[in-house]
Each structure stands twice: as structure tokens, then as C-alpha cells.
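Q: with the input below, show me the fold.
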Amino acid sequence: MCDDRSVSASLDAQELRRLMSRWTTGVAVVTSRGEDGPRGATTNAFTSLSLDPPLVLVCLDRNSHTLQAARESGRFCVNVLATGQEEVARRFATKLSGEEKLAAVPYEIRADGIPALQGTLAWVVCELIRDVEGGDHAILIGRPREAGIDPHAAPLVFFGGDFQAPQL
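A: Numbering: from 1, shown residues only. Next comes the predicted model:
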């Protein structure tokens, strides 16, 4: 079967980025608190891993201060962003310090001192049970310990290199 789609035998980083921009994802901010205080980073690599036992996974850049904080504390929170939180996503994607990132964003302290952002679609505080290297990122596997949802919020999604508000 032939079609008009572009075919490549091997993908480089730019081609992979272009390919992955066609995959619609949610947007989340991972927060934690390490020896240097609170930290946070934007990610779209978050999913459930297992129901028995309950496990989730999230990926963070290996050079991320948030990754370091999660490793130090053994805890992290995944904050699933809601429509209208594009600026939160952008803020946590910068190289600002954790204190600077959190200064303009309302949050509450959850179990073990981990910050959970307010106004999100959902959040889940996890115990870090495994940390696996994956290229330039680390894959964190966590056991959910505490969670909350806003059943009336709509998700913030990312598609085609930009934030989108889905039609619900």
C-alpha cells in the first residue's frame, strides 16, 4: 500500500520532535522539595503504569533540579494542568529557581512537604520507588500516596507545538 506520507529509514532529533508534535498530550508540572527547597518542571511525559499495584511514571530531564529534589526527598507531585494554565506551564519550563517559579503560582503543601499547585485538573503525590535512565531523561516510577481532582476543570493539552483547549 502506498501513500503520500514522508518516509524515513532513521530519525534524527528534529524529525522525532516533528513526529511527536502530532501526538496530543496532557501538560503537567512535577513538583518536589529537596535540600535546596521547592522545585518544579513542566512535562508532558506522564502516564499510569500499573493498576495492581497502582503506579505512575513521569520523565524529567537528567539535568533538572526537580529530578534532584525528587531523588533527595523520595517524593514528587504530578500536577495535571487545566485549560487556562498555559502561563504556569511556560513558567515551570524556564530556568528560574524553584522559589521564583512558585512565587507567582498558588500552591499548598501536601504530604512530606511536597508542593501541590492549586487550580489544576488533578494532582497526585507519589513515593519514588524506581528511577531509570532513559537517554537524556530519567524515568521516575511512583506509587501514588495522596491525590485530588477538580471534576469541573478541562485539561490543558499540547499538540502541534502549542497549547490547546479541547472542545468538550
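
Q: low-confidence ranges, this protein, go.
A: 1-9, 20-23, 167-168 (pLDDT under 70).

Q: that one: helices as residue ranges?
A: Ranges of helices in the chain, per DSSP state H, are 13-20, 65-73, 86-92, 98-103.

Q: packing partners of the longest one?
A: This means helix 65-73. strand 28-34, strand 37-43, strand 54-61, strand 75-80, helix 98-103, strand 122-134, strand 137-149 (3 or more Cβ pairs under 8 Å, 6 or more residues apart in numbering; DSSP states H and E). C-beta here means a position set from N, CA and C on the backbone, and glycine is covered the same way.

Q: out of these, which gets nearest to A13?
A: Proximity of the helices and strands packed on helix 65-73 to A13 was assessed by Cβ to Cβ; the nearest stretch is strand 137-149, lying at 13.0 Å.

Q: between the closest one and strand 28-34, how many degrees?
A: 100 degrees (axes from the mean of the first three to the mean of the last three Cα atoms, to 10 degrees).

Q: sheet partners, orientation included, of strand 137-149?
A: According to DSSP bridges, strand 137-149 forms sheet pairs with strand 54-61 (antiparallel), strand 122-134 (antiparallel).

Q: pick the most buried one from these.
A: strand 54-61 (a mean of 19; mean count of other Cβ atoms under 10 Å).

Q: so that strand versus strand 75-80, what angle?
A: 90 degrees.

Q: now the helices and strands packed on helix 65-73 in TSV, with distance to A116?
A: Converted to TSV, the helices and strands packed on helix 65-73 look like this (distance: least, Cβ to Cβ, whole Å):
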stretch	distance to A116
strand 28-34	7
strand 37-43	11
strand 54-61	14
strand 75-80	5
helix 98-103	11
strand 122-134	5
strand 137-149	7
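
Q: so which of those is nearest G161?
A: Evaluated over these, closeness to G161 peaks at strand 37-43, with 14.1 Å, by Cβ to Cβ.

Q: who are the packing partners of the closest one?
A: strand 28-34, strand 54-61, helix 65-73, helix 86-92, helix 98-103, strand 115-117.
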